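Chemist: coordinates for the following, if possible.
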Amino acid sequence: MRKILISLFMIALIVYLTPDRYVFGEEELSESELEVVIALEKEQVFLEEEFEVELGVKNIADKEKELNFNTGQRFDIIVLGTKEELLYRWSDDKMFTQALGSLVLAPGEEKVYEAKVSLPADISPGDYQIKGLIAAEDQIFSQARTITIKEK
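Modeler: The predicted model follows:
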């Protein structure tokens, strides 16, 4: 009886910890099917200067792709230091609805998100990496771009 209970517990634990896409047989997205590109209004900015960032996600596959989101947040923007440490996250001072959502992209279709970014004064002047990410269940990052932060 004890062995049966332990076996049932292990099965329940495996099912609970397994992501839904495996339990329900959903197709996992690969980064080669979606392209995420970040565009900066300026590549040189002063501390606390506001600048615009665009983040686009494009379906480059030959079939429709669906992105599933666990909250109202659709994207994020991060700035990384020289040792890949996180220096800034756009969403840190934002609140998002706690509602599930999805985005369906037809082949060749692109969705572009826009944000205004202002880097805090506690970041030292220098060159940093800025990335965008699509905040779907399977996060997809853009390639890093270099941004130069200058003193006022």
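
Chemist: please count neighbours and contacts with C-alpha atoms only from this point.
Modeler: OK.

Chemist: gap between S91 and K63?
Modeler: Separation of S91 from K63 (CA to CA, to the nearest Å): 31 Å.

Chemist: following element in sequence after the helix or strand of the chain with the lowest mean pLDDT, please.
Modeler: The weakest-scoring helix or strand in the chain, judged by mean pLDDT, DSSP states H and E, is helix 20-23 (a mean of 30). Proceeding N to C from helix 20-23, the next assigned helix or strand is strand 34-40, under DSSP states H and E.

Chemist: other SSEs contacting that following strand?
Modeler: strand 50-59, strand 126-134 (3 or more CA pairs under 8 Å, 6 or more residues apart in numbering; DSSP states H and E).

Chemist: the inter-axis angle of the one helix or strand A115 maps to versus strand 34-40?
Modeler: According to DSSP H and E, A115 maps onto strand 110-118. Going by axes from the mean of the first three to the mean of the last three CA atoms, to 10 degrees, strand 110-118 is angled at 30 degrees with respect to strand 34-40.

Chemist: so what are the sheet partners of strand 110-118 and their directions?
Modeler: Sheet pairing of strand 110-118 (DSSP bridges) gives strand 50-59 (antiparallel).

Chemist: can you list the buried residues in the partner strand?
Modeler: Neighbour-count burial for strand 50-59, counted by 16 or more other CA atoms under 10 Å, picks out 51, 53-59.

Chemist: just the mean pLDDT for that strand, thanks.
Modeler: Average pLDDT, strand 50-59: 95.

Chemist: could you give the angle of it to strand 126-134?
Modeler: Inter-element angle recorded for strand 50-59 and strand 126-134: 40 degrees (by the same axes, to 10 degrees).

Chemist: how far off centre is strand 50-59?
Modeler: The chain centroid and the centroid of strand 50-59 are separated by 12 Å under CA atoms, centre = their mean, to the nearest Å.

Chemist: so for the strand holding A115, what gets flagged as buried?
Modeler: Of all the residues in strand 110-118, those buried under the rule 16+ other CA under 10 Å are 117-118.

Chemist: show me where pLDDT drops low in the chain?
Modeler: Along the chain, segments meeting pLDDT under 70 span 1-32.
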